[in-house]
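Peer 1: I would like the atomic coordinates for the input below:
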Amino acid sequence: MLTMRAVVQCLAMCVIAALSACGFEFGKPSPEDSLVTFAQHIAPIIHQNCTPCHRHGAAGPFPLITYHEVRKKAKTICKVTQSRYMPPWPADPSYVSFIGEKRLSDHDIELLSRWVEDGCAPGDTSGMLLPDFPEGSMLGRPDWVIRYREPVPLPGDNTDRFMMVKVPFELPFDTFLRAVEYVPGHRKLVHHTNGHLVHYTKELKKQPMKGPYYAHRDSFQDMDAAFRFINLLNDDGSYPLLTLSAFNYLPGMNPLSFPDGIGGFKIGRSGAFLLNDQHYGPSLRDTSDDATLNLFFMDKPPVRPLMETQLGSLGISEIVPRFNIPAGTVRSFHTRALIRSDISMISVNPHMHLLGTHFKAFAVAPSGDTIPLISIPKWDFRWQYTYVFRKPVRIPAGSVVWAFGTFDNRSSNPRNPFSPPRDINESNSSMKTTDEMFQLIFQYLPYQRGDELIDLEHHSITKGIKNELQQVQD
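Peer 2: Numbers count the residues shown, from 1 in each chain. You can find the predicted model right below:
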């Protein structure tokens, strides 16, 4: 016979099981049953999902840290979160889940709505700890900071500009770089940049800090002339060694940092960063750009340098059909590439311009299995992340990587840069904002046994499987 205590415990367990089956989340307050306050309920949501960008010196147009700052924008926050316009995360999480997903749960959105409806109660904010972000960085406190030697002038003539910018530096020692973070000085105009590391030696380059520091690419007939103009070459006219794609930037892109042993490269005491494709969008007023490069060092040399390739525009694969988008039409294209050896894919970066509407990529293994890579059902030119997988994705040799993109060149597309619409034709894959591109860029490592067990999010081997990894490697 059961005791009364046992009966009560049994009933309680039944109630808990029933509530869990109905979707009740324990440990989370129910907005219907209690007063929603900033200190207890709202601050954790805002500080985790909004504050990293909405703070001084970051991309957000206004700060969202303190109670008063959040309350001032409370109705706007409620509106943009309910529509899922914010926080921005274009990738479909039901297709592939990536590191750093900026998505609110239905429960979070409900709490925000209830908080606004109840008058934005502050709660007990006296002991609340506010997040402390290093100013001018998304990665943390940098080990070294380099600025442009002089601002790049941008005339207000409503014209795209492609610049070549040299950022020389001198360090007190040789070391290794874990990451480089590019922080634009004029976020609204910087469309993209590709940064390469230039290696100098004292024997070949006596004055690495000497200018000029920037040049208009269209002003020179060839790259050699532009390189000579900005004093990039060695003193004898030879080319210095380059580390390609030391960093890259697109609107909304966060800098990348990986576990020790993955990525990184050597950096000498004397050198420069070459921004070879510094693309500024058109401006209606005279202004300038003065960017910053944050350097993050590591003690040990890189074990497995990252590799990168791209499909489509300027890449290794052809776009099918030919990349033309007549005015008044919606056109879809695809591109594909054969993977000839086993790789561990680390990240993917889709790229289109203003006419893009949908993007999807996957790999088909020799077995016929589909390996999902990314799906963006509503393309947004303003948010072009490099999406990092939670663990490396093995793409076996013989697989084919496919990418599909759709473009809307009708007048009903609110992002169409031309009114009335114009024919968009393939023109040597122009990178102007008003032209179009279709690319899938991805980073990868040559596959090693056990790569699937690496936890890229927490910079470690996944907890609980170290012995398994050791067995695999043995």
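Peer 1: Show me where the stretch 301-450 of the chain has its strands.
Peer 2: Per DSSP state E, counting those that start in this stretch, the stretch 301-450 of the chain carries strands over the ranges 307-312, 330-338, 343-351, 356-364, 370-376, 387-395, 400-408, 439-446.
Peer 1: got JSON lines for the ones you listed, with distance to G237 and mean pLDDT too?
Peer 2: All C-beta atoms are positioned from the backbone trio N, CA, C, and that covers glycine. Shown next, in JSON lines, are those (distance: least, Cβ to Cβ, whole Å; pLDDT from 0 to 100):
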{"stretch": "strand 307-312", "distance to G237": "29", "mean pLDDT": "94"}
{"stretch": "strand 330-338", "distance to G237": "37", "mean pLDDT": "98"}
{"stretch": "strand 343-351", "distance to G237": "35", "mean pLDDT": "96"}
{"stretch": "strand 356-364", "distance to G237": "42", "mean pLDDT": "98"}
{"stretch": "strand 370-376", "distance to G237": "44", "mean pLDDT": "98"}
{"stretch": "strand 387-395", "distance to G237": "40", "mean pLDDT": "96"}
{"stretch": "strand 400-408", "distance to G237": "40", "mean pLDDT": "98"}
{"stretch": "strand 439-446", "distance to G237": "33", "mean pLDDT": "95"}
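Peer 1: quick one, which of these is packed in tightest?
Peer 2: strand 343-351 (a mean of 23; mean count of other Cβ atoms under 10 Å).
Peer 1: what helices or strands is that strand leaning on?
Peer 2: For strand 343-351, the packing partners by 3 or more Cβ pairs under 8 Å, 6 or more residues apart in numbering; DSSP states H and E come out as strand 356-364, strand 370-376, strand 387-395, strand 439-446.
Peer 1: CA atoms only: put it into PDB for me.
Peer 2: Taking C-alpha atoms only, strand 343-351 is exported to PDB below (Å, rounded to 0.1, in the frame of the first residue of the first chain):
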ATOM      1  CA  ILE A 343      37.300  18.200 -46.600                       C
ATOM      2  CA  SER A 344      35.900  19.500 -43.300                       C
ATOM      3  CA  MET A 345      33.800  22.500 -44.100                       C
ATOM      4  CA  ILE A 346      34.000  25.100 -41.400                       C
ATOM      5  CA  SER A 347      31.900  28.000 -42.700                       C
ATOM      6  CA  VAL A 348      29.800  29.200 -45.600                       C
ATOM      7  CA  ASN A 349      29.200  32.800 -46.800                       C
ATOM      8  CA  PRO A 350      26.500  33.300 -49.500                       C
ATOM      9  CA  HIS A 351      26.800  36.600 -51.400                       C
END
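Peer 1: angle of that strand against strand 387-395?
Peer 2: 140 degrees (axes from the mean of the first three to the mean of the last three Cα atoms, to 10 degrees).
Peer 1: Can you check which of the helices and strands packed on strand 343-351 gets nearest to S412?
Peer 2: Proximity to S412, assessed across the helices and strands packed on strand 343-351 by Cβ to Cβ, is greatest for strand 356-364 (11.4 Å).
Peer 1: Can you give the distance of the closest one from its chain's centre?
Peer 2: 17 Å (Cα atoms, centre = their mean, to the nearest Å).
Peer 1: and Y239, which of the helices and strands packed on strand 343-351 is closest to it?
Peer 2: Closest to Y239 of the helices and strands packed on strand 343-351, according to Cβ to Cβ: strand 439-446, at 25.0 Å.
Peer 1: just checking, next helix/strand downstream of that closest one?
Peer 2: Next in sequence after strand 439-446, counting helices and strands by DSSP states H and E, comes strand 454-455.
Peer 1: is it true that P396 touches P366?
Peer 2: Yes - counting by Cβ atoms under 8 Å, P366 is a contact partner of P396 at 6.5 Å.
Peer 1: between these two, who's got more neighbours?
Peer 2: P396 (16 against 11; other Cβ atoms under 10 Å).
Peer 1: Please report how far the more buried one lies from I339.
Peer 2: Note on P396: its distance to I339, by Cβ to Cβ, to the nearest Å, is 8 Å.
Peer 1: Correct me if wrong, but Q40 is in a strand.
Peer 2: No - read with DSSP: H, G, I helix; E, B strand; the rest coil, Q40 is helix and lies in no strand.
Peer 1: Against S34, how distant is it?
Peer 2: Distance, Q40 to S34, using Cβ to Cβ: 9 Å.
Peer 1: again, but for H216
Peer 2: With Cβ to Cβ as the criterion, H216 and S34 are 61 Å apart.
Peer 1: do F362 as well
Peer 2: 44 Å.
Peer 1: Which residue ranges of the stretch 201-350 of the chain form helices?
Peer 2: For the stretch 201-350 of the chain, the helices defined by DSSP state H, counting those that start in this stretch cover 223-229.
Peer 1: List the contacts of the residue lying closest to P184 once chain neighbours are set aside.
Peer 2: Of all residues not flanking P184 in the chain, V190 sits nearest, at 4.1 Å (Cβ to Cβ, 6 or more residues apart in numbering). The neighbours of V190, taking Cβ atoms under 8 Å, 6 or more residues apart in numbering as the test, are P184, Y249, P251, Q278, H279, Y280, G281, D289, A291.
Peer 1: okay, V190: pLDDT?
Peer 2: Note for V190: predicted pLDDT of 89.
Peer 1: Now do the phi/psi pair for it.
Peer 2: phi -80, psi 110 (degrees, to the nearest 10).
Peer 1: out of Q40 and S34, which sits in the more crowded spot?
Peer 2: Taking neighbours as other Cβ under 10 Å, Q40 and S34 compare with Q40 leading, 17 against 11.
Peer 1: M86: neighbour count?
Peer 2: Counted with other Cβ under 10 Å, M86 comes out at 19.
Peer 1: Need the three-state assignment for it.
Peer 2: M86 ends up coil, using three-state DSSP.
Peer 1: In this model V80 seems to touch it, though I could be wrong.
Peer 2: Yes - the pair M86 / V80 is scored as a contact, 4.1 Å apart, by Cβ under 8 Å.
Peer 1: Tell me, how many residues neighbour R285?
Peer 2: Applying other Cβ under 10 Å, I find that R285 has 9 neighbouring residues.
Peer 1: ok, now K202?
Peer 2: Neighbour tally, K202, other Cβ under 10 Å: 10.
Peer 1: for the one 4 residues further on, same thing?
Peer 2: Using other Cβ under 10 Å, the number of residues around K206 comes to 11.
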